[in-house]
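# Need a 3D model of the sequence below.
(2 chains)
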Amino acid sequence: MSSIPIEHGLVLSAILFAIGLIGVLTRRNIVFVLMSLEIMLNASGLAFIVAASRWGHAEGQVMFLMILTLAAAEVAVGLGLIIQMFRQFKTIDINVLSEMKG
Amino acid sequence: MIVLFYIAAVVAVIATIAVILQTNIVHALLYMVVSLLAIAVIFYVLGAPFAAVLEAIVYAGAIMVLFLFVIMMLNLGQHTRNEEKSWLTPRGWIGPSILSGILLAQLLSVMADLDQDIIPKQVGVMEVSALLFGPYVLAVELASILLLAGLVAAYHLAKPK
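Numbers count the residues shown, from 1 in each chain, chains lettered A, B, ... in the order given. Sure, this is the predicted structure:
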């Protein structure tokens, strides 16, 4: 047995994506929301690698690199926003942000 | 090698579930590192050693350390952990979990009748870099501009007033 059915890889990526989605929808701590977004991005990268591995191409790894870059830039901006939010509201509860009217 | 894939997959799923269930941010971060390393193992097994190394260095190394720095800067104490526990009520997570479960079931049903096998073949750094600096060189340049924009935005946003 030296082959993996492609479903197993894609199912793993779907499960990780769903867990990340639950995290985004459930958590009220903004750091956890950002971390769950990372999980979701990583799951989509895994799907790219699995698909590329099926065909023996390198394009999937190139797309993974792009996702990695996107994740790094997104985290930098997101963490900057979290620091600013903590300075202004003294909390990391995202429900507080709904008071930011106008 | 194939057994490694399944072991790493189980580790990744368990560690990822632990991430979203934790109340302590630092523990969640450590579970996240475990999950990312497990996914790096999966990349290696699937024949993508370059992606595996980048996953370990950039994701588990750089991005997680960035999170850690911010958590240390925020200096959240026990008080936040108790707050966090009171936020994680069943009323809050059952709805989203059911919706995500439906989405997952749909994805699984779409994938159920794929009948393809992966026979892992090493696709090394050379093939990837030949593509990166060949047809995808514009994408690489755009990625560098995106990173620069992220740097400037992060500096500007986190600057004290």
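
# Provide a list of residues in contact with the residue nearest the centre of chain B.
In chain B, the residue lying closest to the centroid (C-alpha atoms, centre = their mean) is B:Leu36, at 5.8 Å. Taking C-beta atoms under 8 Å, 6 or more residues apart in numbering or on different chains, we find B:Leu36 in contact with A:42, B:55-56, B:59-60, B:64. Every C-beta, even on glycine, is put in place using the N, C-alpha and C of the backbone.

# same deal with B:Tyr44?
B:Ala52.

# Look up which helix or strand the residue nearest to B:Leu88 when sequence neighbours are not counted falls in, please.
Spatially, and ignoring its direct neighbours in sequence, B:Leu88 is nearest to B:Thr23 (7.0 Å; C-beta to C-beta, 6 or more residues apart in numbering or on different chains). B:Thr23 is part of no helix or strand, with elements assigned from DSSP states H and E.

# just checking, B:Thr23 touches B:Lys85?
Yes. Counting by C-beta atoms under 8 Å, B:Lys85 is a contact partner of B:Thr23 at 5.3 Å.

# out of these two, which sits in the more crowded spot?
B:Thr23 (17 against 10; other C-beta atoms under 10 Å in any protein chain shown).

# can you give me the helices for the chain?
As the question left the chain open, I've gone with chain A. A:6-26, A:30-55, A:59-89 (DSSP state H).

# think we crossed wires, I meant chain B
B:2-21, B:25-45, B:49-54, B:64-74, B:78-87, B:90-111, B:125-132, B:137-158.

# and the third one, how far from the chain's centre?
Between the centre of helix B:49-54 and the centre of its host chain there is 14 Å, according to C-alpha atoms, centre = their mean, to the nearest Å.

# quick check, the lowest-mean-pLDDT helix or strand in chain B touching chain A?
Among the helices and strands of chain B, helix B:78-87 carries the lowest confidence by mean pLDDT, DSSP states H and E, at a mean of 75. Yes. Residues of helix B:78-87 contacting chain A under C-beta under 8 Å from any C-beta of the partner chain: B:80, B:83-84, B:87.

# Let's have these in JSON lines, adding neighbour count.
Formatted as JSON lines, the residues of helix B:78-87 next to chain A follow (neighbours: other C-beta atoms under 10 Å in any protein chain shown):
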{"residue": "B:Thr80", "neighbour count": "19"}
{"residue": "B:Glu83", "neighbour count": "16"}
{"residue": "B:Glu84", "neighbour count": "20"}
{"residue": "B:Trp87", "neighbour count": "17"}
